[in-house]
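Q: Provided below are the primary sequence and the corresponding predicted coordinates.
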Amino acid sequence: MIRLDRIHVRHKARSGGVLRRDSVHALTDASLEVRRGEIVGIVGESGCGKSTLARVITGLQRPTDGQVHFRGQDLWSLSPSARRTTFGPAVGVVFQDPSTALNPRLPVRRILRDPLDVHRRGTARAREARVLELLDLVGLPGHTLEALPGQLSGGQRQRVAIARALALEPELIVADEPTSALDVSVRAQILNLLTELRDRLGLGMVFISHDVQTVRYLADRIAVLYLGRVVEEGPADQVTDRPRHPYTQALLSATPSLLERPERIVLHGPVPSATHPPTGCPFRTRCWKADDGCATAFPDVEEGDGGHRWHCVRPLPAAAAPAPRSRLA
Ligand SMILES: Nc1ncnc2c1ncn2[C@@H]1O[C@H](COP(=O)(O)OP(=O)(O)OP(=O)(O)O)[C@@H](O)[C@H]1O
């Protein structure tokens, strides 16, 4: 349905003065594919490029280099109006915090009707019927229609945001940390709702989170991002049960229940600057397996079963081995 091909995104650095503006390597050579009915999880630490990737997928961010193919068409070769009318409605977005994503002055009825009005979908009566249908899809009672976002709970607000994302019958939903601003008690309900919607509507979904456990719960496939690079991707169970990239193993070790031997791997040193990323493998400065060879070039892709891919010249063996003791807490 959607394919990102060798995407690079460079932002102008926010600091550096007028004369010297470095560029931030937000995404480097990132490729990703989402098929109909599939949930792809994107996981990585803060600043690794997850939101930039979400913006590229939703057409909000034009890549500096690389292509976005939607149903086989190069998105950025379309005219702005074709992009707006064909691609825009096909992709719905759910953001992290429903309190800021919804207009606090509009009742739910208006919030859900707006996209239908803007895109002139059907008659006034059909739009009203669609609003009721949307409310039902996300499991909200009818009286919610007259409420303002501030009168709803966090979980209900996120349901409204999901209903709005579904309004134009998209084929793909991009959910950027959709549960991290919610109470723990309602997170599972929202995750279950997203899975139900995928099953019921056959949606493709990109689910972005820094929490690998949440991503594993939901996703069919997982891509692990580090400093703007996809360092590992593949079927969710393979990536989480048999990680091949040391960075994936380190992420997993922060959620011990996912590993048979739950020793916590403590990564030493800060995440390097995205303005001056390390040469070669970006993870080498914090990797306990790195040697001089890791500094020369970004490792070529290695491939295992079922589309499991990783970029590492010193990958973990096929059955994950624990990291050396000196690096374990
Ligand atoms: N508009 C911008 N101008 C300059 N730098 C930016 C801009 N947007 C993002 N960046 C930088 O690009 C890199 C990737 O940012 P991005 O927001 O995509 O990461 P993220 O993984 O979503 O982080 P978080 O989980 O904290 O939201 C970071 O170094 C960030 O500071």
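A: Here it is on my side, so go on.

Q: can you list the weak-confidence ranges in the stretch 1-150 of the chain?
A: Counting by pLDDT under 70, the stretch 1-150 of the chain shows low-confidence ranges at 15-21.

Q: ok, which stretches of it are helices?
A: 50-57, 80-82, 88-90, 98-101, 108-118, 124-137 (DSSP state H, counting those that start in this stretch).

Q: Could you say which of those helices is packed most deeply?
A: Among those, helix 50-57 has the highest mean neighbour count (mean count of other C-beta atoms under 10 Å), at a mean of 23. (C-beta placed from N, C-alpha, C; glycine too.)

Q: can you give me the offset of that one from its chain's centre?
A: 7 Å (C-alpha atoms, centre = their mean, to the nearest Å).

Q: is any part of it close to the ligand?
A: Yes - contact between helix 50-57 and the ligand, assessed by C-beta under 6 Å from any ligand atom, occurs at K50, S51, T52.

Q: Report all helices and strands that that helix contacts.
A: With contacts taken as 3 or more C-beta pairs under 8 Å, 6 or more residues apart in numbering; DSSP states H and E, helix 50-57 sits against strand 2-12, strand 23-34, strand 39-43, strand 172-176, strand 204-209.

Q: Show the secondary-structure elements that the second one is packed against.
A: So the one you mean is strand 23-34. Using 3+ C-beta pairs under 8 Å, 6+ apart, strand 23-34 sits against strand 2-12, strand 39-43, helix 50-57, strand 204-209, strand 229-235.

Q: close to the ligand, is the second one?
A: No - Strand 39-43 lies apart from the ligand when judged by C-beta under 6 Å from any ligand atom; the minimum separation is 8.7 Å.

Q: Report all helices and strands that that strand contacts.
A: Counting by 3+ C-beta pairs under 8 Å, 6+ apart, the packing neighbours recorded for strand 39-43 are strand 23-34, helix 50-57, helix 184-201, strand 204-209, helix 212-218, strand 221-226.

Q: Try it again at 7 Å.
A: Packing partners of strand 39-43 (3 or more C-beta pairs under 7 Å, 6 or more residues apart in numbering; DSSP states H and E): strand 204-209, helix 212-218, strand 221-226.

Q: okay, the ones you listed in a markdown table with mean pLDDT next?
A: Converted to a markdown table, the helices and strands packed on strand 39-43 look like this (pLDDT from 0 to 100):
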| stretch | mean pLDDT |
| --- | --- |
| strand 204-209 | 96 |
| helix 212-218 | 89 |
| strand 221-226 | 97 |
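
Q: list the contacts for L135?
A: L135 makes contact with G142, T144, L145, A163, according to C-beta atoms under 7 Å, 6 or more residues apart in numbering.

Q: wait, the third one sits on V108?
A: Yes - in this structure, L145 sits in contact with V108. The criterion is C-beta atoms under 7 Å, and the distance is 5.2 Å.

Q: got the phi/psi numbers for the residue in the stretch 151-300 of the chain positioned nearest to the ligand?
A: Nearest to the ligand, among the residues of the stretch 151-300 of the chain, is A274, at 3.7 Å (C-beta to the nearest ligand atom). In terms of degrees, to the nearest 10, the main-chain angles of A274 are phi -80, psi -10.

Q: what do you get for I265?
A: Main-chain dihedrals, I265, degrees, to the nearest 10: phi -90, psi 120.

Q: beta partners for it?
A: For I265, the beta-bridge partners under DSSP bridges are L328.

Q: What is the burial count for it?
A: For I265, the neighbour count with other C-beta atoms under 10 Å is 21.

Q: near the ligand, which residues of the stretch 151-300 of the chain show up?
A: H210, A274.

Q: Contacts only, for the nearest residue to I7 once chain neighbours are set aside.
A: Of all residues beyond its chain neighbours, the one nearest I7 is G66 (3.8 Å), with distances taken as C-beta to C-beta, 6 or more residues apart in numbering. G66 makes contact with L4, D5, R6, I7, H8, according to C-beta under 7 Å, 6+ apart.

Q: Same list, the residues you listed, but as CSV with neighbour count and distance to the ligand please.
A: Output for these, formatted as CSV (neighbours: other C-beta atoms under 10 Å; distance: C-beta to the nearest ligand atom, whole Å):
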residue, neighbour count, distance to the ligand
L4, 21, 14
D5, 15, 19
R6, 13, 17
I7, 26, 12
H8, 15, 12
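
Q: Fine by me, thanks again.
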